[in-house]
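[1] only the shape, not the letters, is given here:
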């Protein structure tokens, strides 16, 4: 097994783990703000804004899913490059 295929295998396993974590964590807790949904008349906007996770919050499963998909793409790329003729 060449070094490139070993790298592709490791990246593939890493991608599977990240995607599994992303599915286990789930999506972000989004709420619809409006008079007829979650917000009462006269409630504070700041309290509502603090319920949302940050952009890179580990509690957001989409972050883990994105990292898993990027690792899967890297694994496919590493496997494709290592299978080229003359890549030793």
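    It's in. In this text, all values refer to a predicted model and were calculated from it rather than measured experimentally.

[2] phi, psi of residue 83?
    phi -90, psi 0 (degrees, to the nearest 10).

[3] what pLDDT does it get?
    On the pLDDT scale, residue 83 is placed at 80.

[4] the one 3 residues further on now?
    The pLDDT attached to residue 86 in the predicted structure is 68.

[5] cool, and residue 27?
    On the pLDDT scale, residue 27 gets 71.

[6] so which strand or helix has residue 21?
    helix 3-25 (DSSP states H and E).

[7] other SSEs contacting that helix?
    Helix 3-25 sits against helix 61-82, with contacts defined as 3 or more Cβ pairs under 8 Å, 6 or more residues apart in numbering; DSSP states H and E. For the C-beta atoms, the positions are set from N, CA and C on the backbone; glycine is no exception.

[8] just the buried residues of the helix it packs on, please?
    Within helix 61-82, the residues scored as buried using 16 or more other Cβ atoms under 10 Å are 61, 63-65, 67-68, 71-72, 74-75, 78-79, 82.

[9] so who does residue 78 touch?
    4, 5, 7, 8, 11 (Cβ atoms under 8 Å, 6 or more residues apart in numbering).

[10] kindly reformat the buried residues of helix 61-82 as TSV containing distance to residue 26.
    TSV is the format used below for the buried residues of helix 61-82 (distance: Cβ to Cβ, whole Å):
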residue	distance to residue 26
61	5
63	11
64	10
65	10
67	15
68	14
71	20
72	20
74	25
75	24
78	30
79	30
82	35
